[in-house]
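Colleague: test case, fold it:
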Amino acid sequence: MELRNIISQNEANRINKEGYLVLNSQEHRTQVQNRKDVLDKLKDIVMKAYPRPKLRKMRKGISKKGKAINKENKKRRSDVKKNRGKVDL
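Modeller: Residues are numbered from 1 along each chain as shown. Alright, predicted model coming up:
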């Protein structure tokens with residue numbers, strides 16, 4: 001779908017009969033701050049309607065290579081500990 005169609009569906013109550021998207025803000029005392037607030041609102045509306053690819057979730061756990069490395073390190077430590085012992089003189 002086109003971005004304009006998505007916004008017109010999501011924000012149908014903000015579109016007037018002429019087809020204009022009407023945004024207003026009276027949060028701040030100055031017109032400049034209110035304009036910035038309206039631009040932020042517009043940016044939020046567009047970003048909410050903009051189709052973005054889904055975020056890739058990283059798999060949890062250890063990779064096969066990591067498992068192999070851990071197993072090899074464990075084998076080495078095992079050999080070191082196995083070779084410890086009393087020395088016969």
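Colleague: every contact and neighbour count from this point should use C-alpha atoms.
Modeller: OK.
Colleague: where's the most centrally placed residue in the chain, which helix or strand?
Modeller: Taking C-alpha atoms, centre = their mean, the centroid of the chain lies closest to L55, which sits 5.9 Å from it. Assigned by DSSP states H and E, L55 belongs to no helix or strand.
Colleague: could you check how far it is from R29?
Modeller: 39 Å (C-alpha to C-alpha, to the nearest Å).
Colleague: can you tell me the SS state at L23?
Modeller: Using DSSP: H, G, I helix; E, B strand; the rest coil, the structure places L23 in coil.
Colleague: helix, strand, or coil at the spatially closest residue to it that is not a sequence neighbour?
Modeller: In space, and not counting its chain neighbours, L23 is closest to V38: 6.3 Å by C-alpha to C-alpha, 6 or more residues apart in numbering. Secondary structure for V38, judged by three-state DSSP, is helix.
Colleague: tell me the predicted confidence for V38.
Modeller: pLDDT for V38: 96.
Colleague: now swap in I7 and tell me
Modeller: Confidence score, pLDDT, at I7: 88.
Colleague: tally up the residues packed near it, please.
Modeller: 19 (other C-alpha atoms under 10 Å).
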